[in-house]
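[1] predicted model and sequence follow; I will ask about them next.
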Amino acid sequence: MAGIIELIIDIDFWIFSLINGLQLPAFLEVIFTFWRNSFIWGPLYIFIIAFVFFNFRRKAYWFLLFSMITVGSTDMVSSNLIKKSVERLRPCNTEYLEVISRVNCGSGYSFTSSHATNHFGLATFWIITLGFIKRKYKILLVIWAGLIGFCQVYVGVHFPLDILFGSFVGTAIGYGFAKLFEKYYGLGDDPLS
């Protein structure tokens, strides 16, 4: 069993080195550095919330509340429960890897990525609760969350396994809250209901 775990960690380090070592054009490096910043996604959050408020009126308050509970829960599970239990160092804080640090490393632990957990949780919640939106927009939400995770590896603050497990945890939490929301408050298919 120990050999399998060592192999998985070696593969994780190897994939990290490939992604972190990418030499991209300067404009892509800037985009990838900013892509992971939650503040630049403010307009997306505002658009989705405004869309729901405009079309679903009273149910929109529940949608907003459950969106916030989803993110609060994913962040609490990732940051307070898993990270403090596992205590895996960030790649940029290790001495045994050559890391290109493109942002401030941070002092917290690495496993799981809260960025990945939070964004996959929110994406999953929105995909399920906004079931009436077109499939291509649902795929864009998955790509959005996935790129945020990818960028965390690219800038040197997370390993690929941090992102992978963060996406699993976030998806599970987002799914749970979406099903709870759907059971009691769902938006349904009828705007302005």
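    Arrived safely.
[2] any idea how far Ser85 is from the residue lying closest to Val103 once chain neighbours are set aside?
    Distances taken as Cβ to Cβ, 6 or more residues apart in numbering place Val155 nearest to Val103, at 4.7 Å, with adjacent residues excluded. In short, each C-beta sits where N, CA and C put it, glycine included. Relative to Ser85, Val155 is positioned 25 Å away (Cβ to Cβ, to the nearest Å).
[3] ok, now Asp10?
    Using Cβ to Cβ, we find Asp10 at a distance of 23 Å from Ser85.
[4] got a list of contacts for the helix or strand that contains Lys136?
    Assigned by DSSP states H and E, Lys136 belongs to helix 135-154. With contacts defined as Cβ atoms under 8 Å, 6 or more residues apart in numbering, helix 135-154 is touched by 15-16, 19-20, 22, 32-33, 35-36, 44, 102, 113, 115-116, 119-120, 122-123, 126-127, 158-160, 162-163, 166-167, 170.
[5] state the helix or strand in which Phe13 lies.
    helix 2-20.
[6] shaky segments in this structure?
    The chain contains residues with pLDDT under 70 at 188-193.
[7] can you pull out the helices in it?
    Secondary structure of the chain, counting by DSSP state H: helices at 2-20, 26-35, 42-56, 59-75, 83-86, 114-129, 135-154, 160-184.
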